[in-house]
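[1] Sharing a model prediction with you, sequence too.
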Amino acid sequence: MRYGVFGDIHSSIDALDAVLFELRRRRVEGWICTGDVVGYGPDPGECIARVRELGPVIVAGNHDWAVAGRLGLEYFNTQAQAAILWTRRVLGAAEIEWLGSLPLTQQVGEGITVAHGTVHEPQHFDYLQTAYDAYLSFEALDTPTGFVGHSHVPVTFLDGTPITYSIEPRIELGERRAIVNPGSVGQPRDEDPRASCAVYDSARRTLEIHRVTYDIQGTIGRILRAGLPPLLGERLRLGR
Ligand code: ZN
């Protein structure tokens with residue numbers, strides 16, 4: 001089965017539509033979302049509607065739960081807090097309830113586990129960035145493949161001695177267990193401002209990372225008109 005994998009959308013509908021167009025063009029058959037549909041950006045309602053239409057396997061991101069009141073604002077910086085409060089004001093009760101209903105982890109048929117931060121302690125929303133983080137998550141992972149988000153940096157960790165990682169855009173996983181971050185749709189932080197997503201073929205065990213351009217300037221305009229912190233727009237141009 002070919003899965004379109006994406007996350008950290010952060011209320012950016014132009015970036016999300018660009019990613020979904022790319023993934024459909026690549027004939028994915030199923031959808032996996034690693035969380036953080038909302039937060040930071042200007043289009044939370046549109047992004048929630050678009051994601052719900054897909055019916056993906058989806059987990060909660062820390063911003064999703066913060067908007068729903070399931071996670072305290074003290075875990076976020078000033079700009080993120082401002083965006084969370086703004087998002088709460090513009091969403092309806094049903095949308096907020098949906099965000100709060102998202103689970104911390106999900107398993108997908110054919111051996112896939114999904115979490116937002118780490119596989120070993122998803123409730124803490126820590127970053128999975130180092131080989132040691134990956135080691136702890138591989139210990140907890142009981143499927144061949146895991147998908148996470150949160151760091152907004154596309155990277156694949158490969159199990160073994162030692163654990164290694166790859167930022168190659170196409171990886172043959174073979175027999176190796178892997179934990180993959182597909183990167184961020186709406187706020188990339190690897191100094192490439194293009195939206196990021198992945199295609200995972202579970203039969204061939206191949207992974208591809210794809211980057212797509214979208215209307216960054218238009219998104220920045222909506223951030224400013226919404227009265228969100230201008231820095232949240234500026235960072236989109238820089239990809240960090
Ligand atoms: Zn995020």
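    Nice, I can see it. Numbering: from 1, shown residues only.

[2] helices and strands around the host helix or strand of G4, which ones?
    Assigned by DSSP states H and E, G4 falls within strand 2-6. The elements that strand 2-6 packs onto, with contact taken as 3 or more CB pairs under 8 Å, 6 or more residues apart in numbering; DSSP states H and E, are helix 13-25, strand 30-33, strand 195-201. For glycine as for every other residue, the C-beta is placed from the backbone atoms N, C-alpha and C.

[3] buried sites along the second one?
    By that I understand strand 30-33. 30-33 (16 or more other CB atoms under 10 Å).

[4] Of the residues you listed, which is the nearest to the ion?
    C33 (11.8 Å; CB to the ion).

[5] I'd say the closest one and V51 touch.
    Yes - shown here, C33 and V51 form a contact pair, counting by CB atoms under 8 Å, at 6.1 Å.

[6] so what sits against both of those two?
    Counting by CB atoms under 8 Å, 6 or more residues apart in numbering, the shared contacts of C33 and V51 are 9, 58.

[7] Next, give me the two most distant ones among the buried residues of strand 30-33.
    Across the buried residues of strand 30-33, no pair lies farther apart than G30 and C33, at 11.0 Å, counting by CB to CB.

[8] Now for those two: what residues contact both?
    By CB under 8 Å, 6+ apart, the residues touching both G30 and C33 are 56-57.

[9] thinking again about what came up before, and among the helices and strands packed on strand 2-6, the most buried is which?
    strand 195-201 (a mean of 24; mean count of other CB atoms under 10 Å).

[10] and the helix or strand just after that strand, which strands flank it?
    Per DSSP H and E, strand 195-201 leads on to strand 206-212 as the next helix or strand towards the C-terminus. Partner strands and pairing direction for strand 206-212 (DSSP bridges) are strand 170-172 (antiparallel), strand 195-201 (antiparallel).

[11] which stretch among the ones you listed comes nearest the ion?
    strand 195-201 (11.9 Å).

[12] Can you check what angle separates the closest one from strand 2-6?
    160 degrees (axes from the mean of the first three to the mean of the last three CA atoms, to 10 degrees).

[13] From V108, how far out is Q79?
    33 Å (CB to CB, to the nearest Å).

[14] Mind checking what secondary structure the residue sitting furthest away from the middle of the chain has?
    Farthest-out residue of the chain from its mean C-alpha position, per CA atoms, centre = their mean: T161, at 27.8 Å. Classification of T161 by DSSP: H, G, I helix; E, B strand; the rest coil places it in coil.
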